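Enquirer: task: produce atomic coordinates for the following.
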Amino acid sequence: MSVPPTATDASALAVAPTAAPSAEAEHALFEHVDRYLLIGQESDASDIHLGVNMPPLWRRFGNLEPIFRQAPRLSAQDTEHLARGFLDEAQLKRLEEIGDVDFAYSTAFGRFRTSVIRQRLGIDLVFRIISTNMRTMDDLGLPDSLKKLTEYHNGLVLVTGPVGSGKSTTLAALVNEINRNRHDHIITLEDPIEYVVKSQGCKVTQREVHTHTRSFAAALRGALREDPDVIMVGEMRDLETISLAITASETGHLVLGTLHTGSAARTLDRLLDVFPVDQRDQIRIMVSESLRGIISQQLVPRADGKGRVLAMEVLMNNPAVGNCIREAKTFMLPGIIQTGRKQGMKLMDESLRELYAKGAISADEALSRAEQKQLMKTMIGV
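Expert: Below is the predicted model of the structure:
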């Protein structure tokens, strides 16, 4: 590897891909991952990719691009050197034995959700840059109607969307709202811990899967014995975790969780489909009574190319929604959302149309992400 510039020069290398980097930056391969992370953080990147036979990459505003225009490709020896430079003994052992390790990496200047894996060509490293400042719901521009979801003392609130859609940030803002305005016990179960939540009005207990507990299901089962009022579950993927979360929401706890689904209707279908067929009628009844709301979101590139903007679908439970869930008629939910604006509900297509009308996103983005594309064409006049 070439010798990196000094730490004081790092900010000078934080150039946009369209800018002309210095000759030194064009050929920079650094000795430690922190150098790449600092550059990414200072340049508003969301992720850093250090992979075999590829130049150092970052994801900025949703696009994966080289950090420097003419940087050499990283070799297998380069990425192994980088991995060994910051992994501890336990993490190296897991990487060697299992082939992957995921954790939150902390430095003097930030926190990073980290994934190190072995693949065909060698070791790849990917870092998600975590904002060190926990933002409030107001900071994120979330509608005031969502604050009602933080006032419940039981029930289920789901934040959904694809990878990289800001679910963790929204979930942290909901937890922050509860922490500031209530006097309860909040338990967060995460893989890994992203935002460090300092106790304010509430007592906050944060547990990391694989570090403090074996799995989400094991942590959730344990949480029920720890006198919680609010439980935040970072991922609800398997039957046991989803079943425990629904049970907890029914037994006097407010449960906040995430799913990788794109709409309220698909979220409910995903939630119910993990259960055996003979249990689904009972689960539909439980969910129809315990569900408080679903926030489905995505980050859309701005029309001016300067970042991304949040598009959001919101479903609030009411008698009509509960009836749809019980009768397995989730296909009717878009119509109910459309007529539920006074309760704070909004369809994703409506959110996209509003963003287009403000000039925040392009017609192509609005159309490509719309559920009803023909209707969207008519609405935006293309």
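
Enquirer: for the rest of this, base every contact and every neighbour count on C-alpha atoms.
Expert: Will do.

Enquirer: quick check: domain ranges of the protein?
Expert: Here the domain assignment for the chain is 7-130, 137-346, based on automatic domain parsing.

Enquirer: for Met376, find the nearest of those.
Expert: Closest to Met376 of these is domain 137-346 (CA to CA; 14.5 Å).

Enquirer: pLDDT averaged over that closest one, what's the number?
Expert: Average pLDDT, domain 137-346: 94.

Enquirer: quick one: end-to-end length of it, please.
Expert: In domain 137-346, first residue to last residue: 17 Å (CA to CA, to the nearest Å).

Enquirer: what of stretch 66-76?
Expert: Taking CA to CA, the first and last residues of stretch 66-76 lie 18 Å apart.

Enquirer: buried set for that stretch?
Expert: The neighbour-count criterion (16 or more other CA atoms under 10 Å) identifies 66-69, 71-76 as the buried residues of stretch 66-76.

Enquirer: run through the helices of the stretch 251-382 of the chain in chain order.
Expert: Using DSSP state H, counting those that start in this stretch, the helices assigned to the stretch 251-382 of the chain run over residues 264-273, 280-290, 319-326, 333-338, 348-357, 363-369, 373-380.

Enquirer: from the middle of its chain, how far away would the third one be?
Expert: Put simply, helix 319-326 sits 28 Å off its chain's centre (CA atoms, centre = their mean, to the nearest Å).

Enquirer: how about the last one?
Expert: Its chain's C-alpha centre lies 29 Å from the corresponding centre of helix 373-380 when counted by CA atoms, centre = their mean.

Enquirer: by contact count, what packs against that helix?
Expert: Applying 3 or more CA pairs under 8 Å, 6 or more residues apart in numbering; DSSP states H and E, one finds that helix 373-380 makes contact with helix 348-357, helix 363-369.

Enquirer: which parts of the first one are buried?
Expert: Okay, so that is helix 348-357. Buried positions in helix 348-357, judged by neighbour count with 16+ other CA under 10 Å: 348-356.

Enquirer: same check on the last one?
Expert: Buried residues in helix 363-369, counted by 16+ other CA under 10 Å: 363, 366-367, 369.

Enquirer: contacting residues for Asp349?
Expert: Contact criterion CA atoms under 8 Å, 6 or more residues apart in numbering gives 366, 370-372, 376 as the residues in contact with Asp349.

Enquirer: show me what the longest helix along the chain is packed against.
Expert: Ranked by number of residues, the top helix in the chain under DSSP state H is helix 167-181. Counting contacts by 3+ CA pairs under 8 Å, 6+ apart, helix 167-181 packs against helix 137-140, strand 155-160, strand 254-259.

Enquirer: parallel or antiparallel, list what pairs with the following helix or strand past that helix.
Expert: Next in sequence after helix 167-181, counting helices and strands by DSSP states H and E, comes strand 185-190. Within its sheet, and counting by DSSP bridges, strand 185-190 is paired with strand 203-208 (parallel), strand 230-233 (parallel).

Enquirer: one step back: what would the buried residues of helix 348-357 look like in CSV with distance to Leu156?
Expert: As requested, these are arranged in CSV below (distance: CA to CA, whole Å):
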residue, distance to Leu156
Met348, 21
Asp349, 24
Glu350, 24
Ser351, 23
Leu352, 26
Arg353, 29
Glu354, 28
Leu355, 29
Tyr356, 32
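
Enquirer: between those, which sits nearest Ile325?
Expert: Looking at the buried residues of helix 348-357 and their distance to Ile325, the nearest is Met348, at 19.7 Å (CA to CA).

Enquirer: gap between the closest one and Gly293?
Expert: Between Met348 and Gly293 the computed distance is 15 Å (CA to CA).

Enquirer: same deal with Ser215?
Expert: According to CA to CA, Ser215 and Gly293 sit 25 Å apart.

Enquirer: ok, the two, which is more surrounded?
Expert: Counted by other CA atoms under 10 Å, Ser215 and Gly293 do not tie: Gly293 has more neighbours, with 22 against 17.

Enquirer: who are the contact partners of the nearest residue to that one once chain neighbours are set aside?
Expert: Spatial nearest neighbour of Gly293, excluding adjacent residues (CA to CA, 6 or more residues apart in numbering): Met316 at 4.4 Å. Residues in contact with Met316, defined by CA under 8 Å, 6+ apart, are 292-294, 343-345.

Enquirer: apply 10 Å and report the result again.
Expert: Shown here is Met316, whose contacts under the criterion CA atoms under 10 Å, 6 or more residues apart in numbering are 145-146, 148-149, 157, 264, 291-295, 322, 336-337, 340-341, 343-346.

Enquirer: what segments of the stretch 51-200 of the chain are helices?
Expert: Along the stretch 51-200 of the chain, the stretches classed as helices by DSSP H, counting those that start in this stretch are 76-84, 89-98, 137-140, 167-181.

Enquirer: what is the third one packed up against?
Expert: Taking 3 or more CA pairs under 10 Å, 6 or more residues apart in numbering; DSSP states H and E as contact, the helices and strands that helix 137-140 lies on are helix 167-181.

Enquirer: ok so, going back, out of the buried residues of helix 348-357, who's nearest Asp191?
Expert: When the buried residues of helix 348-357 are compared for distance to Asp191, the smallest value, 28.0 Å, is given by Met348; criterion: CA to CA.

Enquirer: so that closest one is in contact with Leu299, correct?
Expert: No: judged on CA atoms under 10 Å, Met348 makes no contact with Leu299 at a distance of 11.6 Å.

Enquirer: how much space between the residue nearest to Gly293 and Gly252?
Expert: If you measure Met316 against Gly252 using CA to CA, the figure is 19 Å.
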